[in-house]
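Engineer: Mind folding the following:
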Amino acid sequence: MVILRLAVTLALVGHALAASKCHLPRPTNVAETVYPSISTNIVETSLLPEIPGVSSSTTEGYTASTAPDGNDDGVIPDETIPAETATVSEDPPAVTQTQASTTSPIVQLTPEPTVPTTVAPPPQNPVTTLPPAETTEAPAPPFTTTTIPTTTTTAAEPATTTAKSTTTIVVPSPAPSPVATTTTRTTTTTAPAAPAGSCATPKIRYTDIDVGTTISVNEDEATLKPLVIASIPSGGSRVAFMGTDNEVHIVTLNADDTVNAAVPKVSIAVKDFGDIYTDDKGFVILGTRDAQGGGTLNCGIPSNLCGTPPSPAVPCYDMYLIRYDYASGKETWATKLTSSSATLPPYSTGKTGPAVYFIWWYAHHGRIAFDGTNYAAYFGAAISVSEGGCINIHQGDRMQVVSPSGSLLTGHNSFAWGCSHSGYERILWDDRSNQFITVCKTDNKNRITFAPSMNPTIRAVDLAYSDFGNIALDTSAGYWLTTSDIRSGQPANADGLSSVFLLHFSKTSAADKTITLAADAGLNNRAPHLASYGQKFLLASWETSSAKGTLRAGDSSRKFYLQVRDAGTGDAVSGVIAVNAVGNRYQETKSFHDGSVGYASVAGTKTSVKIVRVLPCA
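Structural biologist: Numbering: from 1, shown residues only. Next up, the predicted model:
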């Protein structure tokens with residue numbers, strides 16, 4: 001049993017996922033996409049072209065004609081899921097390295113036949129219904145933008161030619177529609193700090209930087225390559241992205257978003273990555289590396305699988321948290337978060353072998369959260385289980401916690417298997433209850449819910465319409481999330497027009513408040529994001545398009561908007577503000593330690609990045 005890709009896929013095939021004893025090979029026509037030169041001096045920035053060879057009906061998943069028949073409910077029988085114990089030392093030794101990309105010591109999991117994990121009951125595939133909205137608001141009209149020229153320090157590596165950076169600060173002002181902004185390019189030795197703006201009219205700073213290497217970024221579900229920014233506690237940030245060399249590249253920025261030439265650029269060898277967490281001394285990357293199973297493409301023996309093995313063969317990987325410290329100038333540890341090994345290949349040891357957690361071609365997006373000491377990674381994964389005398393492969397998600405020394409930890413709300421099938425895995429550290437909060441979108445009863453308990457259902461959703469944004473703390477003991485969902489009057493499980501919602505919920509109840517952020521007549525509202533904006537506010541954002549269905553790269557009608565909301569009530573604090581950046585439904589806006597919010601966008605060349613900073617407000 002090999003499942004389909006998620007989201008729209010599930011709707012297109014009527015939730016009839018891959019059958020037992022049926023394997024679905026990875027599509028061979030999904031190509032890595034490198035961003036072309038994109039104009040950045042207007043609001044309506046063109047997006048990426050479509051992935052070559054992939055039609056709009058198949059980029060996000062398989063159509064009904066290419067999906068196998070079946071009645072897979074996405075739930076793995078209890079007895080097939082192994083419990084696990086960590087077999088690691090508390091302080092794994094560092095390894096001497098000559099390059100930043102050298103592989104460091106591996107920390108492995110060993111499955112043990114102990115008490116099986118409980119999973120949720122099979123879904124009944126109910127008709128999706130929308131909970132009534134307690135609060136519904138029509139979005140305020142977009143604001144115009146006024147450009148204020150500023151000067152910035154040119155950032156470059158030592159002993160190299162100086163390259164220009166460009167900074168533009170935009171101050172929203174009421175107007176019926178967004179107006180294009182013009183970038184002013186000047187350079188000098190200092191960049192004056194921008195004063196905090198009013199939360200009703202937050203200042204937005206745009207800074208174009210050159211990172212010195214070609215950026216490989218896409219919006220593909222299974223082969224995702226995001227562009228990620230993360231705040232440094234003492235000021236500044238780090239940007240991470242895949243290059244064309246199978247390495248993730250990390251560039252450190254100053255507090256004014258220009259490149260910090262005093263900090264070396266770093267690259268780490270990974271197949272792909274999902275997120276970065278940064279601190280003053282270094283960073284942690286969530287990324288994949290080759291599995292160690294030997295055999296065919298590190299998977300072991302394909303004939304163990306039920307049905308016909310993938311053709312061409314599909315490689316297997318493991319997920320890692322990888323630590324790099326600037327003081328040592330090297331990768332200091334790499335902790336494996338999945339369980340395959342040289343003795344337990346991803347396709348198991350035989351047709352009736354033990355279960356194995358690994359990374360396959362399925363979507364395996366992931367996010368990192370930090371509790372002040374330990375790192376938690378929540379990510380999509382695959383599991384091989386023996387069913388009916390052969391190995392079936394399911395998709396789901398998994399959360400693991402790693403200590404600052406690289407030891408894999410038990411407890412800490414970690415789990416081996418959560419939502420299945422899973423999409424849009426989201427995690428945060430709740431310092432009020434001292435626990436990691438994990439929420440997913442799943443085809444198990446078609447909903448957004450908590451992992452691994454699968455209870456309560458936060459909201460039932462139509463999987464064809466729902467892009468799950470992010471989760472954030474409220475000002476008391478609850479949470480907020482953003483999602484798109486089917487709009488009233490649109491056909492279910494189809495390519496239609498979505499609306500974007502802000503939901504308030506708790507650990508013990510479904511959403512108790514549903515606020516409409518965007519429901520533009522004749523437009524498709526999707527790809528939402530959410531970030532805490534200081535202590536009292538939220539920054540919600542989303543995109544619009546005139547095209548129905550999943551937003552596509554290359555759609556010139558896509559536009560990016562944001563709005564400030566009260567973190568206690570959800571009420572609008574600002575109007576809707578146009579953002580001069582390229583959106584991506586799988587990337588996220590990030591909260592900064594200074595109370596601002598940042599987002600990394602592609603810019604005007606293959607080696608440039610646009611940093612969008614919504615500056616602190618008061």
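Engineer: check contacts around residue 413.
Structural biologist: Shown here is residue 413, whose contacts under the criterion C-beta atoms under 8 Å, 6 or more residues apart in numbering are 376, 399, 401, 435, 436, 438. Yep, even glycine has a C-beta here, placed from its N, CA and C like the rest.
Engineer: 10 Å instead, please
Structural biologist: For residue 413, the residues meeting the contact criterion (C-beta atoms under 10 Å, 6 or more residues apart in numbering) are 371, 376, 378, 399, 401, 427, 429-430, 434-438, 451-452.
Engineer: Please enumerate the strands of the stretch 151-300 of the chain.
Structural biologist: For the stretch 151-300 of the chain, strands defined by DSSP state E, counting those that start in this stretch occupy the ranges 152-153, 166-174, 187-188, 204-210, 227-231, 237-242, 247-253, 266-269, 273-278, 282-290.
Engineer: most neighbours, which of the contacts of residue 413?
Structural biologist: Of the contacts of residue 413, residue 378 is surrounded by the most neighbours, 32 neighbours in total, counting by other C-beta atoms under 10 Å.
Engineer: that older thread, tell me which of the strands of the stretch 151-300 of the chain lies nearest to residue 535.
Structural biologist: Using C-beta to C-beta as the criterion, the shortest distance between residue 535 and the strands of the stretch 151-300 of the chain is 15.1 Å, found for strand 227-231.
Engineer: The closest one pairs with which strands, parallel or anti?
Structural biologist: Sheet neighbours of strand 227-231, with direction, are listed as strand 237-242 (antiparallel) (DSSP bridges).
Engineer: distance of the closest residue to residue 603 other than its chain neighbours from residue 207?
Structural biologist: Once flanking residues are discounted, residue 603 sits nearest to residue 610: 4.0 Å by C-beta to C-beta, 6 or more residues apart in numbering. When distances are taken as C-beta to C-beta, to the nearest Å, residue 610 and residue 207 turn out to be 7 Å apart.
Engineer: Name the residues contacting each of the two.
Structural biologist: Residues touching both residue 610 and residue 207 by C-beta under 10 Å, 6+ apart: 166, 168, 257, 603.
Engineer: CSV please, covering these and showing pLDDT.
Structural biologist: As requested, those are arranged in CSV below (pLDDT from 0 to 100):
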residue, pLDDT
166, 74
168, 77
257, 99
603, 95
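Engineer: where does the residue nearest to residue 603 land in three-state SS?
Structural biologist: Here residue 610 takes the strand state, with states given by DSSP: H, G, I helix; E, B strand; the rest coil.
Engineer: Residue 421: which of the contacts of residue 413 is nearest?
Structural biologist: The shortest distance between residue 421 and any of the contacts of residue 413, using C-beta to C-beta, involves residue 451 and amounts to 12.0 Å.
Engineer: Which residues are in contact with that closest one?
Structural biologist: When contacts are counted by C-beta under 10 Å, 6+ apart, residue 451 is found next to 120, 378, 396-399, 413, 415, 417-420, 422, 425-427, 437-440, 442.
Engineer: Residue 252 contacts residue 281, correct?
Structural biologist: No: taking C-beta atoms under 10 Å as the definition, residue 252 is not a contact partner of residue 281, at 11.8 Å.
Engineer: neighbour-wise, which of these two wins?
Structural biologist: The neighbour comparison of residue 252 against residue 281 (other C-beta under 10 Å) goes to residue 252, with 21 against 12.
Engineer: Quick one, grab the pLDDT at that one.
Structural biologist: Looking at residue 252, its pLDDT stands at 99.
Engineer: That one: what's its closest spatial neighbour, skipping adjacent residues?
Structural biologist: Beyond its immediate neighbours in the sequence, the residue positioned closest to residue 252 (C-beta to C-beta, 6+ apart) is residue 263, lying 3.9 Å away.
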